[in-house]
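Trainee: model this:
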Amino acid sequence: IFKDLNDMTILLQMAKVAKYNFFKANHVLFEKGDEPDYFYIIIKGKIGGGQRKDIKDLSKSWYNNDINIYFTLKSGTGFGELAFLENSKRTATVKTIKDSHFLLIKREVYIDIIKPYIKKSNDLKIAFFNNLEMFQKLSHTQLFDICPFFYDKSLSKGTYLCMQNELQQKIFFIKSGRVQ
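Mentor: This is a model prediction of the structure:
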């Protein structure tokens with residue numbers, strides 16, 4: 001959500017309400033299916049997220065590899081907001097991999113602060129999509145639903161978007177500038 005956030009006011013508001021917390025390695029922050037309560041920013045440390053393995057002996061700890069870890073995040077990364085924005089439960093179990101320091105922001109506070117930014121960001125994205133032929137048959141609701149999957153990125157002259165014969169996992173739409 002913060003990939004294209006340039007409004008320092010929002011960041012300062014979040015800094016004012018964030019609470020510091022420390023968790024030792026292998027601490028479970030939340031389980032898949034939990035109600036979301038906090039947005040997490042990793043100050044220092046590393047987390048891993050995934051799905052618990054189907055095991056018979058539930059006394060085994062996570063440390064003993066009873067989880068399939070699908071992603072890791074490290075210092076400077078925020079996570080946990082998607083469940084807020086989609087009004088859903090947690091989709092993964094997340095634990096600390098190392099001793100980790102966090103800033104935590106309560107769900108209600110996060111939503112109050114970020115809501116105006118999300119609306120403004122989505123309005124700009126929808127206006128952009130409406131100018132592209134491939135999106136013109138989509139309804140406003142459909143365009144709104146795809147907004148979280150797109151973000152703005154500014155690149156310096158000479159930056160490579162991709163290399164020939166390289167498998168790509170992103171699609172680029174050029175808003176301004178030139179690509180060779």
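Trainee: which residues of this protein score low on pLDDT?
Mentor: Within the chain, the stretches with pLDDT under 70 are 1-7, 54-66.
Trainee: quick check: longest helix of it.
Mentor: If each helix of the chain is counted by residues according to DSSP state H, the longest one is helix 107-130.
Trainee: what residues sit buried inside the following helix or strand past that one?
Mentor: Proceeding N to C from helix 107-130, the next assigned helix or strand is helix 140-146, under DSSP states H and E. Buried residues in helix 140-146, counting neighbours by 16 or more other C-beta atoms under 10 Å, are found at residue 143. Just so you know, the C-beta spots here come from the backbone N, C-alpha and C atoms, and that holds for glycine as well.
Trainee: helices of the chain, residue ranges please.
Mentor: Along the chain, the stretches classed as helices by DSSP H are 8-17, 82-85, 107-130, 140-146.
Trainee: buried ones in the longest one, by neighbour count?
Mentor: In other words, helix 107-130. In terms of neighbour count (16+ other C-beta under 10 Å), helix 107-130 has its buried residues at 107, 109-111, 113-114, 117, 121-122, 125-126, 129.
Trainee: who's in contact with the closest residue to residue 28 other than its chain neighbours?
Mentor: By the measure of C-beta to C-beta, 6 or more residues apart in numbering, the closest residue to residue 28 outside its immediate chain neighbours is residue 95, 4.7 Å from it. Each residue near residue 95 by C-beta atoms under 8 Å, 6 or more residues apart in numbering is listed here: 26-29, 47-49, 62, 67.
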